[in-house]
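K.L.:
from the sequence below, what's the structure:
(one chain, ligands or ions: 1)
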Amino acid sequence: MTLSVLPTSASRRAAGSVLGMRRNLLPLAAATALSATLLACGSTDEGARECTPGPELTVGAEDDLKFDAESYETEAGCIDVTYTNNGSVAHTLLVRGESGFKLAVGNTDQGNVELPAGTFELYCDIAGHEAAGMVADLVLS
Ligand SMILES: [Cu+2]
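P.N.:
Predicted coordinates for the structure are as follows:
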């Protein structure tokens with residue numbers, strides 16, 4: 001009795017773990033295919049890494065050294081960012097930890113940045129602006 005039950009439960013467990021491994025391999029395969037596509041495009045120009053824009057994000061800069069919101073939300077992916085100046089003081093827009101992305105205004109600027117889901121920090125890198133409050137959250141789902 002015991003002998004006939006044991007092999008059955010053992011093989012069920014084995015089948016389950018194989019399915020689990022397949023599931024874990026899928027995102028890796030997708031990521032590999034994606035990086036191969038990016039390499040094929042051959043774009044290495046810093047600050048102009050091209051991706052096909054999906055989600056949109058609009059951020060405004062105010063003269064009192066603030067963005068026009070404390071938190072912004074959009075979807076993860078290749079984000080089409082529009083940066084507009086609601087005043088007359090020059091500002092920049094960066095994503096903390098993303099060295100290849102920087103917008104500057106002037107009046108308006110536009111660029112793409114590819115980001116995964118998570119919470120990021122937007123800031124202006126002009127001297128004194130971040131310390132004065134020019135920092136905001138970017139929440140990507
Ligand atoms: Cu600024």
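K.L.:
every contact and neighbour count from this point should use C-alpha atoms.
P.N.:
Noted.
K.L.:
mind giving me the domain split of this structure?
P.N.:
In the domain annotation for the chain, the residue ranges read 1-42, 56-140 (automatic domain parsing).
K.L.:
weakest of these in terms of mean pLDDT?
P.N.:
Comparing mean pLDDT across those, the weakest is domain 1-42, with a mean of 42.
K.L.:
can you tell me the residue of this structure closest to the ion?
P.N.:
Nearest residue of the chain to the ion (Cα to the ion) works out as H91 at 3.7 Å.
K.L.:
count of neighbours near that residue?
P.N.:
Using other Cα atoms under 10 Å, H91 has 28 other residues around it.
K.L.:
try Y72
P.N.:
Each residue near Y72 was counted by other Cα under 10 Å, and the total is 18.
K.L.:
tell me the contacts of it?
P.N.:
Listed by Cα atoms under 8 Å, 6 or more residues apart in numbering, the contact set of Y72 reads L57, A136, D137, L138, V139.
K.L.:
ok, P53 next?
P.N.:
Shown in contact with P53 (Cα under 8 Å, 6+ apart): G77, C78, I79, D80, N112.
K.L.:
does D137 count as helix, strand or coil?
P.N.:
Three-state call for D137 (DSSP: H, G, I helix; E, B strand; the rest coil): strand.
K.L.:
apologies, that question was intended for S88.
P.N.:
Under three-state DSSP, S88 falls in the coil class.
K.L.:
that one contacts L65, correct?
P.N.:
No: the criterion here is Cα atoms under 8 Å, and S88 misses it with L65 at 10.9 Å.
K.L.:
so which of the two has more stuff around it?
P.N.:
Each of S88 and L65 has its neighbours counted (other Cα under 10 Å); L65 has more, 20 against 12.
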